[in-house]
Structure formats: structure tokens, C-alpha cells
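Trainee: using only what follows, build the 3D model:
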Amino acid sequence: SRAFYKYDPEAIRRYYDGRPLTILFRLVEAGLPLGLWAASVLWDRVTGKQEENEVMRARELRAVLSETGPTTVKFGQALSNRPDVVGPAYVTELSTLQDNVGAFSSNAALETIERDLGGSVEELFEEISDEPVASASLGQVYRARLRGMPPGKEVAVKVQRPGLAVTVPLDMYILRRFAELAKATIKLRSDLPAILDEFAGRLFEELDYGNEAANSLRFKRLYGGIEGLVVPEVYAAFCSRHVITMEWLQGTKPPWAEGPGRGVAKRDVPQEERDEWKRLVRTGVKCNLKQLLDDGFFHADPHSGNLLRTQDGKLGYLDFGMMATLPSQRRYALIVAIVHLINKDYTLLARDFQALGFIPSDFERVDDIAQELKLAFGSASEGGRLSQINFPRL
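Mentor: Purely as a prediction, here's the structure:
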């Protein structure tokens with residue numbers, strides 16, 4: 001099968017249009033388990049057991065997504081950050097996809113390192129862990145020490161899963177054909193193929209670890225000077241399309257990393273740790289505001305698996321594969337929208353949403369949108385709590 005290193009939906013379509021057996025095999029492999037799960041959910045609705053079986057179905061979905069490949073895992077990860085789309089049980093289960101993904105063979109990983117970096121593992125590293133210390137949807141991480149590196153100084157070597165340049169384009173082809181079918185047969189507000197193209201474009205960018213290395217260097221240059229923040233150093237000579245080598249940051253994950261509901265205010269977290277994380281959250285907010293409103297280059301995937309508290313009490317950012325850029329015009333519109341939200345001027349906020357592209361520019365019922373925004377944000381604005389925002393209505 002052909003490997004695609006950049007997302008070109010037309011080229012991918014031309015290639016797979018003539019390979020129906022390949023598509024059929026993938027549909028059986030991934031589509032059948034997902035179809036059986038969907039049938040179970042529908043049966044729960046018919047029998048009135050949807051609420052009773054929600055936790056079980058959420059666990060089943062997580063298992064199915066884990067087994068059907070990196071594309072579905074990335075989709076599940078995206079859903080885990082959308083409590084407005086899926087229920088709490090699904091958010092809890094799908095959030096484990098951030099870190100709890102099965103590893104691939106270490107022999108295959110070492111072969112990738114040697115092929116991409118042009119030397120044997122023994123020549124490149126003083127030592128490297130026998131097994132990965134972490135495994136994610138697109139790759140896995142090894143703890144190592146480079147040749148000539150002083151004792152106590154270590155690196156994280158992330159190696160991409162083999163064959164993603166073949167399997168991901170195939171999955172995107174299938175998903176896009178379904179999206180085109182849905183657009184043609186179902187009256188939808190959203191342009192599903194366009195949404196899928198945007199998702200696929202981001203995913204293909206993540207598949208280029210050379211791009212991630214460049215993102216990390218830029219992120220460190222822009223935000224590494226923020227007090228209380230640390231961005232790992234990149235070792236460019238040990239990076240390639242499939243391998244990225246960065247400074248090893250020793251630390252602990254956020255107390256909410258095990259899923260929603262285990263935040264810094266929970267009683268099972270010691271007061272000292274709660275205070276420490278509240279301080280780091282303020283550092284993160286400061287950094288995020290600078291990303292969104294000042295420089296416009298921001299981390300688009302800051303989930304709990306990509307953040308940690310270092311041993312010296314700083315907030316560490318990890319994984320720079322998914323970044324985005326916000327043009328100055330959009331940044332200004334976002335600032336104006338924040339002012340209007342604080343002032344509870346929901347009519348102007350609705351127009352800001354039009355300027356930001358959240359609402360079509362030719363949409364005329366702005367007053368209706370303003371009323372919905374008031375209902376969605378109204379309760380939160382009184383107490384200032386994010387949990388009070390009505391996300392489904394929003």
C-alpha cells in the first residue's frame with residue numbers, strides 16, 4: 001500500500017477508489033466492532049436501559065477505539081474533551097485513552113531509530129530503556145541518555161508507530177466517504193467533509209515529528225521565559241520524521257489526570273498539593289492567554305497527559321505535535337468577545353462569534369443567538385465557575 005505523508009484528500013481518493021478489497025477488509029476490521037457497539041446503544045434506547053448501561057457502554061467504546069487503530073484513538077481523545085457532546089461516563093472512560101494505549105514492539109521502535117538517525121542504538125545512546133515508559137496513539141516514549149551526556153541528564157525518545165502513513169490515509173478515506181454520504185442524504189448544519197478535512201490535516205501534521213521539533217523550538221522561544229514554566233530542550237540532531245528526542249522532564253501529572261471529577265479541590269488531595277496546583281494553574285492560564293491573545297501560536301492539545309509538575313515546582317509542557325496559529329485579526333476579535341462576555345453584552349458577543357467564524361456571517365437571527373448565549377453563560381457569570389456553563393446549549 002502507498003504511504004501518504006501529507007493530507008491530500010483527492011490523491012487519497014484516487015488511490016483507494018481502485019482498491020475495494022482493501023477498503024472492505026478495513027471496514028470489517030474497524031467498522032464491525034463499532035457497528036456492534038452502536039447496535040448495543042440503540043438497543044439500550046429501545047429497552048429503556050440507556051442510563052443504566054451508560055458506564056458499561058462507555059467502557060466498551062473505549063475498548064473498541066483502543067483496538068481499531070490510532071485514528072479512532074485520536075477521535076476518542078477528541079471526544080474526551082467534549083463534555084457538551086458525550087456524557088460524564090464517556091468523558092471519564094475516553095480520557096484514559098490519553099495515556100493508556102497499548103505499546104508496539106520495542107524491536108520495531110529500535111529499527112525505526114536506527115533507520116531514521118543513521119546509526120546503531122549503541123552508537124547513539126549511552127543507555128536506553130528496554131521497554132517504553134509511555135505509549136500513546138501515534139507513538140511511544142523511551143527514557144535514554146545520549147553519548148557524552150553527563151550523568152543525571154536524560155532524554156525522552158519518542159518513536160512513531162510503524163505504518164501510520166498507510167493506515168491513517170485509509171481511515172480518512174473511509175470516514176470522508178461516509179461524511180460525503182451523510183452530507184448528501186441528511187440535512188445538516190455543518191459541512192462534515194470540511195470538518196473531517198481539518199481534523200485530518202491536523203493529524204497528518206502530528207505524524208511529522210520533524211514538524212513537532214520545530215514547534216517545540218518555537219514554543220520555547222516564545223513562552224520559555226514565563227516565570228514558573230518549563231519547555232523541554234529539543235536535540236535536533238536526534239530528530240527525524242519518525243523520531244523526536246527531547247529533554248527528560250521528571251515530574252508528576254495533574255491530580256485530575258485520572259479523569260474528570262478529580263480536580264484540585266477534591267478532599268483526597270492534600271491541601272498543600274491543592275495549593276501547589278492552583279499556583280501552576282495560574283501559570284498555565286497566563287501562558288495560555290499569551291498564546292491566544294498575544295503571539296497567536298498556541299498548544300492545541302493541552303490535556304492532562306501533556307502537562308506535569310516538575311520536581312522544582314514548575315509547570316512543564318509536553319508534546320508539541322498539535323499546534324495552531326491565530327491571526328492578529330482573530331486575536332483582536334477574541335479580546336473584544338471576552339470584554340463583551342464580562343460585561344454580559346450578549347448581542348455584541350453574538351456578533352463577535354460571527355467575526356470569529358463560529359456563526360455564519362450571513363446569519364440574521366443574531367438576537368436568538370444572543371438569548372441562547374445568555375442562557376448558556378448566565379449562571380456561570382454569577383459565580384465564575386466553568387462547571388456552571390451550559391455546554392449542551394452553547
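Trainee: going forward, measure contacts and count neighbours with C-alpha atoms only.
Mentor: Noted.
Trainee: so Leu356 makes contact with Leu334?
Mentor: Yes - Leu356 lies in contact with Leu334 (C-alpha atoms under 8 Å); the separation is 7.3 Å.
Trainee: tell me the secondary structure for the residue most central in space within the chain?
Mentor: Central residue of the chain (C-alpha atoms, centre = their mean): Asp301, 4.2 Å from the mean position. What DSSP: H, G, I helix; E, B strand; the rest coil gives for Asp301 is coil.
Trainee: equivalent analysis for Glu51, please.
Mentor: Assignment for Glu51 (three-state DSSP): coil.
Trainee: neighbours of it, how many?
Mentor: By other C-alpha atoms under 10 Å, 11 other residues sit near Glu51.
Trainee: need the phi and psi values for it.
Mentor: Main-chain dihedrals, Glu51, degrees, to the nearest 10: phi -70, psi -40.
Trainee: CA atoms of stretch 209-228 as PDB?
Mentor: Provided in PDB are the C-alpha atoms of stretch 209-228 (Å, rounded to 0.1, in the frame of the first residue of the first chain):
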ATOM      1  CA  TYR A 209       7.900  14.600  14.200                       C
ATOM      2  CA  GLY A 210      10.300  17.000  12.400                       C
ATOM      3  CA  ASN A 211       7.400  19.400  12.400                       C
ATOM      4  CA  GLU A 212       6.900  18.800  16.200                       C
ATOM      5  CA  ALA A 213      10.500  19.500  16.900                       C
ATOM      6  CA  ALA A 214      10.200  22.900  15.100                       C
ATOM      7  CA  ASN A 215       7.000  23.600  17.000                       C
ATOM      8  CA  SER A 216       8.800  22.900  20.300                       C
ATOM      9  CA  LEU A 217      11.700  25.200  19.500                       C
ATOM     10  CA  ARG A 218       9.200  28.000  18.600                       C
ATOM     11  CA  PHE A 219       7.100  27.400  21.700                       C
ATOM     12  CA  LYS A 220      10.200  27.500  23.900                       C
ATOM     13  CA  ARG A 221      11.400  30.800  22.200                       C
ATOM     14  CA  LEU A 222       8.000  32.500  22.700                       C
ATOM     15  CA  TYR A 223       7.000  31.200  26.200                       C
ATOM     16  CA  GLY A 224      10.000  29.600  27.800                       C
ATOM     17  CA  GLY A 225      10.700  32.800  29.600                       C
ATOM     18  CA  ILE A 226       7.400  32.800  31.600                       C
ATOM     19  CA  GLU A 227       8.200  32.500  35.300                       C
ATOM     20  CA  GLY A 228       7.300  29.100  36.600                       C
END
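Trainee: do you know how far Val73 is from Ser40?
Mentor: Noted for Val73: a distance of 20 Å to Ser40, by C-alpha to C-alpha, to the nearest Å.
Trainee: neighbour count winner among these two?
Mentor: More crowded of Val73 and Ser40, by other C-alpha under 10 Å: Val73, with 24 against 16.
Trainee: surely the more buried one is in contact with Leu65?
Mentor: Yes - judged on C-alpha under 8 Å, Val73 makes contact with Leu65 at a distance of 5.4 Å.
Trainee: quick check: pLDDT value at Arg393.
Mentor: For Arg393, the pLDDT comes out at 50.
Trainee: make that Val231, sorry
Mentor: On pLDDT, Val231 comes in at 95.
Trainee: next one: Asn100
Mentor: With respect to pLDDT, Asn100 scores 60.
Trainee: with the one 4 residues further on instead?
Mentor: Looking at Phe104, its pLDDT reads 91.
Trainee: alright, calling it a day.
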